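**Q** Let me see the structure of the following:
(chains A and B)
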Amino acid sequence: MGEPLLTSLPAAAGPAVVTVAPAWAVAVVAVLGALALAAAAFDGVLSARSASAGGALGAAGRPLGEASRLLRQRRRTTVQADTLLWRTGGAGLFVAAALMLAVVPLGRWTVADLAVGVVWFNAMDVMVWALVWLVGWGANSAHALVGGYRFLAHGLGYELPLMFALVAPAIAAGSLNVGAVAAAQDGLWFAAWMPVAFLVYLLGVAGFSVWGPFAPALGTDVAGGVRAELSGVDRLVLETGRYALLAAGAAFAVPMFLGGGAGPLLPDWAWTLVKTLAVLALLVWVRRRLPALRPDLFMEIGWIVLLPAALVQDLLVAVVTVWRS
Amino acid sequence: MLVDIAFVALGVVAVLSGAAVFVVDSMARATYALAVSFVAVGVQVLFLQQSYVGVVVILMMVMEMAVMAVYMVMFMGMNPALMPMSMVHSNRTAVATAVLTFLLLAAGILVVDWPARRGSPPPEVTEALGEALMGPQMLVMAVISPVMVATIVAGVVLAAPRTRYDRFGDDLRQRPPDDPQPGGVGR
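**A** Numbers count the residues shown, from 1 in each chain, chains lettered A, B, ... in the order given. Prediction:
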């Protein structure tokens, strides 16, 4: 990773992805933390604007103020809480996000160049099912458990469309390796000719981040749902995990749908970051633009609208791929 | 060496967390102890260079356990598993059966005359495994899949107590349909 950046211009267009030393996993965590903080700052700006209060700079710093407030707050304990499962669920979200990001190449460098990186990402987003439900379960609180069930109900609706949306780029690239999928988008991004898969993927990212339309699991109508009994550092860990999942989902969209590091002038690692931030900003912005999806109603939308749409997309992609080869 | 130690350690984790399923007193802990056991086995499969199979084992098992926890809590016991409860019943018979089965299988492992390895593994082990399992039977598999899907759909249709006459009325003209749980697309 010590080579001068000028040589990594996309003009070389070498599909080779270089696996860096495992110690660079620390850098993955640092990048994930920075992206999560950026998302939280942007969300702070947007909520200050919608409340038309405060300047943009103060609003962007609000997540930091909130974090320091939560760090000073006392942790809530509940009667007969299952503390092991409760804390595992909360802390696991950031870990799952970091494991997702580990297979995303930053330009040409990657920490884990798995042959089945796409399936790995999928396995990690399924891990979130268990983790969010465990946060809801652990507190031994009715509202938190209702929130956990709401999340699983959403999961049953968004997960299969998300899986089939991930299948489309893999078919077109003929590989489950993330670097190979990015390299296969020579000239034409997958987002351009498989838009349905891209949209379903973005919806899935919002889903496993418990974000925007998928926030009823944290709804005020159930006293905060999953996070009803969370306070202090536990709440901070959960919120960080959600932003980290959003960031990891945005970063994974870049090699899958947006051509990886390809782009003019800037080096490929910079393009990866720019595209990640753009997708992340879109996901944060969309939170205030879409209505909440009720879990019971979304189930039918997921199975009757999104799943067939993703399957038809896969069929089209498969036909095009066979026809081109 | 390090790989061997990690492999054995994962095996120990899988066995211990599998045993924990019967020791803990909470449905959620039992379910997720089983999930930990499956994940450890999945990572062991990764060690065998079967990366696709290993990751899919982790994916499917975590998803399955997340759904199973819901059903366990819903249906298990008189107090719908929200209170501490024992994870065993018919204890003596179960322990005896388990010990006997273990001894039988372990004896099988030790007694069988394992063949020596011929040649070396192919570069794409997952593909080779798929070819060996499915290759000659591809036509059978391709025919069985739609039959299985049709069977599932037919089973659900036969099991459902409500018919289209309950939904759309006697003349099938009632719109929107009368459903106890309305869906999101307004059919």
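**Q** going forward, measure contacts and count neighbours with C-alpha atoms only.
**A** Will do.
**Q** Now residue 168: closest residue in space that isn't a chain neighbour?
**A** Defaulting to chain A. Nearest non-adjacent residue to A:Ala168, counting by C-alpha to C-alpha, 6 or more residues apart in numbering or on different chains: A:Asp314, 5.1 Å away.
**Q** Switch to chain B, please.
**A** Using C-alpha to C-alpha, 6+ apart and skipping the chain neighbours, the partner closest in space to B:Phe168 is B:Gln174 (4.6 Å).
**Q** Provide the secondary structure category for the one you found.
**A** Three-state call for B:Gln174 (DSSP: H, G, I helix; E, B strand; the rest coil): coil.
**Q** Can you tell me how far it is from A:Ile301?
**A** The spacing between B:Gln174 and A:Ile301, counted by C-alpha to C-alpha, to the nearest Å, is 21 Å.
**Q** Please report how far A:Asp43 lies from A:Leu99.
**A** Per C-alpha to C-alpha, A:Asp43 is found 24 Å from A:Leu99.
**Q** let me fix that: A:Ala153
**A** Separation of A:Ala153 from A:Leu99 (C-alpha to C-alpha): 24 Å.
**Q** Repeat that for A:Leu114.
**A** A:Leu114 is 12 Å from A:Leu99, by C-alpha to C-alpha.
**Q** repeat for A:Leu246
**A** According to C-alpha to C-alpha, A:Leu246 and A:Leu99 sit 13 Å apart.
**Q** Pick out whichever of the two has more residues nearby.
**A** A:Leu246 (28 against 21; other C-alpha atoms under 10 Å in any protein chain shown).
**Q** what's the helix or strand for that one?
**A** helix A:232-257 (DSSP states H and E).
**Q** from the middle of its chain, how far away would that helix be?
**A** With C-alpha atoms, centre = their mean, to the nearest Å as the basis, helix A:232-257 stands 5 Å off its chain's centre.
**Q** Could you point out the helix or strand that follows that helix?
**A** helix A:268-286.
**Q** right, is the next helix or strand after that following helix up against chain B?
**A** As assigned by DSSP H and E, the chain's next helix or strand after helix A:268-286 is helix A:295-300. Yes. Helix A:295-300 is in contact with chain B by C-alpha under 8 Å from any C-alpha of the partner chain, via A:296-300.
**Q** Just send those residues back as TSV, with pLDDT too.
**A** Listed next are those as TSV, based on pLDDT from 0 to 100:
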residue	pLDDT
A:Asp296	87
A:Leu297	89
A:Phe298	92
A:Met299	90
A:Glu300	90
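**Q** Closest one of these to chain B?
**A** Proximity to chain B was ranked across those by C-alpha to the nearest C-alpha; first place goes to A:Leu297, at 3.9 Å.
**Q** That closest one: neighbouring residues, count only.
**A** 18.
**Q** The spatially closest residue to it that is not a sequence neighbour in helix, strand or coil?
**A** Spatial nearest neighbour of A:Leu297, excluding adjacent residues (C-alpha to C-alpha, 6+ apart): B:Gly184 at 3.9 Å. Of the three states, B:Gly184 takes coil under three-state DSSP.
**Q** and residue 46, what is it in contact with?
**A** Defaulting to chain A. Listed by C-alpha atoms under 8 Å, 6 or more residues apart in numbering or on different chains, the contact set of A:Leu46 reads A:Trp285.
**Q** hm, I was asking about chain B
**A** Here B:Leu46 is in contact with B:52-55 (C-alpha under 8 Å, 6+ apart).
**Q** which element is it on?
**A** Here B:Leu46, judged by DSSP H and E, is contained in helix B:27-47.
**Q** Go through that helix and flag the buried ones.
**A** B:27-46 (16 or more other C-alpha atoms under 10 Å in any protein chain shown).
**Q** what element comes up after that helix heading to the C-terminus?
**A** Helix B:27-47 is succeeded, C-terminally, by helix B:51-75 (DSSP H and E).
**Q** Which other helices and strands does that next one contact?
**A** Helix B:51-75 makes packing contacts with helix A:117-138, helix B:27-47, helix B:125-134 when contacts are defined by 3 or more C-alpha pairs under 8 Å, 6 or more residues apart in numbering or on different chains; DSSP states H and E.
**Q** Low-confidence stretches in chain A?
**A** Within chain A, the ranges that satisfy pLDDT under 70 run A:1-16, A:53-54.
**Q** Show me where it has its strands.
**A** According to DSSP state E, chain A carries its strands in the segments A:18-19, A:109-110.
**Q** Let's see the helix or strand of chain B with the lowest mean pLDDT as PDB, backbone CA atoms only.
**A** In chain B, no helix or strand scores lower on mean pLDDT, DSSP states H and E than helix B:125-134, which sits at a mean of 82. Output of helix B:125-134 as PDB, limited to C-alpha atoms (Å, rounded to 0.1, in the frame of the first residue of the first chain):
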ATOM      1  CA  VAL B 125     -13.400 -27.400  -4.800                       C
ATOM      2  CA  THR B 126     -16.900 -25.900  -4.600                       C
ATOM      3  CA  GLU B 127     -17.500 -26.500  -8.300                       C
ATOM      4  CA  ALA B 128     -16.100 -30.000  -8.000                       C
ATOM      5  CA  LEU B 129     -18.300 -30.800  -5.100                       C
ATOM      6  CA  GLY B 130     -21.400 -29.500  -7.000                       C
ATOM      7  CA  GLU B 131     -20.400 -31.500 -10.100                       C
ATOM      8  CA  ALA B 132     -20.000 -34.700  -8.000                       C
ATOM      9  CA  LEU B 133     -23.300 -34.200  -6.200                       C
ATOM     10  CA  MET B 134     -25.400 -32.800  -9.000                       C
END
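**Q** and the stretch 151-300 of chain A, which of its residues are near chain B?
**A** Residues of the stretch 151-300 of chain A lying near chain B (C-alpha under 8 Å from any C-alpha): A:152, A:296-300.
**Q** how about 7 Å then?
**A** The interface of the stretch 151-300 of chain A toward chain B, taken as C-alpha under 7 Å from any C-alpha of the partner chain, is made up of A:297-298, A:300.
**Q** thinking again about what came up before, extract the C-alpha trace of the helix holding B:Leu46 and format it as CSV.
**A** Taking C-alpha atoms only, helix B:27-47 is exported to CSV below (Å, rounded to 0.1, in the frame of the first residue of the first chain):
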residue,chain,number,x,y,z
MET,B,27,-35.6,-20.1,24.9
ALA,B,28,-33.7,-17.2,23.4
ARG,B,29,-30.4,-18.4,24.9
ALA,B,30,-31.0,-22.0,23.7
THR,B,31,-31.8,-20.8,20.2
TYR,B,32,-28.7,-18.6,20.0
ALA,B,33,-26.4,-21.2,21.6
LEU,B,34,-27.5,-23.4,18.7
ALA,B,35,-26.7,-20.6,16.3
VAL,B,36,-23.2,-20.2,17.8
SER,B,37,-22.7,-23.9,17.3
PHE,B,38,-23.7,-23.8,13.7
VAL,B,39,-21.6,-20.7,13.0
ALA,B,40,-18.6,-22.5,14.5
VAL,B,41,-19.2,-25.5,12.1
GLY,B,42,-19.6,-23.0,9.2
VAL,B,43,-16.2,-21.5,10.0
GLN,B,44,-14.8,-25.1,10.1
VAL,B,45,-16.2,-25.7,6.6
LEU,B,46,-14.4,-22.5,5.6
PHE,B,47,-11.2,-24.0,6.9
